[in-house]
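> Could you look at this predicted model? Sequence included:
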Amino acid sequence: MAVSLTPQPTVAGSQVLAYGAARGDLVVPNDDLIEPIDSSDEWIRQRTGIITRTRASAEVGVQDLAREASQQALERSGIELETLDAIIVATVTFPYPTPSLATLLAGELGRPDVIAYDISAACAGFAYGIGQADALIRSGAARNVLVVGAEKLSDFVSPTDRSISFLLGDGAGAAVVGPSDVPKIGPTVWGSDGENWDTIRMTGSSIDFRDGKVEWPTLQQDGRTVFRWAVWHTAKKIREMLELSGLGIEDIDVFVPHQANMRIVDELAKQLKLPEHVVIARDIAETGNTSAASIPLATHRLIEEGAAKSGDVLVQFGFGAGLAYAGQVMILP
């Protein structure tokens, strides 16, 4: 006898209800980092656009940043805590392979019984999380989802590495995603380019279990390859994303690419031929590259400063190690 299962109730779409942010408590200027890499403040500004970056004190962990950003997002969202059904955390710097930061965060936020898991998609992680939150809500598997991008990259920096050490900062950004009668988060365009898997990587992270030797991992990258890939590939995927959402370049109000490098941000704007009215996130100048946290941190800053407002059409796109990428068109809360 054929058996049928009761289908999940579905909803038309989802929306971001609110954002939260937490930056490292230390402001680190270029001058503090130039001696080990035999460089200068001018060289760093010209190559990256970074003036300062925020980093967290030794006693502040990535979980502390994630909790602060999450609490702010939840408070601003107006939802009842018991209606939060899932927590998704994007991070590559939580120091425990298992269990996940998301499960720890669930307990600290007072919702220990929710769906909770981490994503390892580096700088694309937050956009991956938004894509998954949207799918969970539309399928009826969750009512409200907390998506967090959280990194303490300063723990994984070699001060002498000229490829990446001066880029990285610490912080966390969070968004509460809930149901909507009309879709306010467009189709996610995502994927990876495994042929360039080793262009951004953790090195020295091998553990020899036979004698217990551990070499502390640090981040490295092939900057030139990443720059070329990011500009060409990202512009192409953003156009595809807009087409799937039924919009054109002229419909964009706010553009928030991953804050990897100011030169990449500027070149993407040029490649896309963004109109003059478009507000472009440039949070990297003061916060640095915070990987999975960079998109929500940059968006939060624009909202706080009044540069982005409710109802604006926002395009976000993340790209990073893997080379993983993901993005969405969204209507701001």
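Alright, I've got the coordinates. Since the model is a prediction, treat every value here as computed from it, not as a measurement. Numbering: from 1, shown residues only.

> So which bits of whatever helix or strand Gly20 lives in are buried?
In this assignment (DSSP states H and E), Gly20 forms part of strand 13-23. Of the residues in strand 13-23, 13-23 count as buried by neighbour count, 16 or more other C-beta atoms under 10 Å. All C-beta atoms are positioned from the backbone trio N, CA, C, and that covers glycine.

> Closest one of those to Asp85?
Ser14 (12.5 Å; C-beta to C-beta).

> model confidence over whichever strand or helix holds Gln63, on average?
Element membership for Gln63 (DSSP H and E) is helix 62-77. The average pLDDT for helix 62-77 rounds to 98.

> and the angle for the next helix or strand after it with helix 62-77?
Proceeding N to C from helix 62-77, the next assigned helix or strand is strand 84-90, under DSSP H and E. Per axes from the mean of the first three to the mean of the last three C-alpha atoms, to 10 degrees, the angle that strand 84-90 makes with helix 62-77 is 140 degrees.

> partner strands of strand 84-90, parallel or antiparallel?
strand 115-119 (parallel), strand 144-152 (parallel) (DSSP bridges).

> Any idea how far the last one is from the middle of the chain?
What it means is strand 144-152. Centroid separation between strand 144-152 and its chain, computed with C-alpha atoms, centre = their mean, to the nearest Å, is 8 Å.

> Now the helix holding Gln63: buried residues?
62-70, 72-74, 77.

> who's in contact with it?
Here helix 62-77 makes contact (C-beta atoms under 8 Å, 6 or more residues apart in numbering) with 17-24, 56, 81, 84, 87, 89, 91, 93-95, 101, 104-105, 108-109, 144, 146, 148, 150-152, 155, 170-176, 178, 293, 296.

> by how many degrees do it and strand 13-23 diverge?
130 degrees.

> Could you give the bridge partners of Val189?
Going by DSSP bridges, Val189 forms beta bridges with Gly327.

> That one touches Met241, doesn't it?
Yes. Val189 is within contact range of Met241, at 4.3 Å (criterion: C-beta atoms under 8 Å).

> which neighbours do those two share?
327-328.

> Please spell out the PyMOL selection for the buried subset of the contacts of helix 62-77.
PyMOL command restricting the contacts of helix 62-77 to the buried ones, with burial defined by 16+ other C-beta under 10 Å:
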select buried, resi 17+18+19+20+21+22+23+24+56+84+87+89+91+93+94+101+104+105+109+144+146+148+150+151+152+155+170+171+172+173+174+175+176+178+293+296
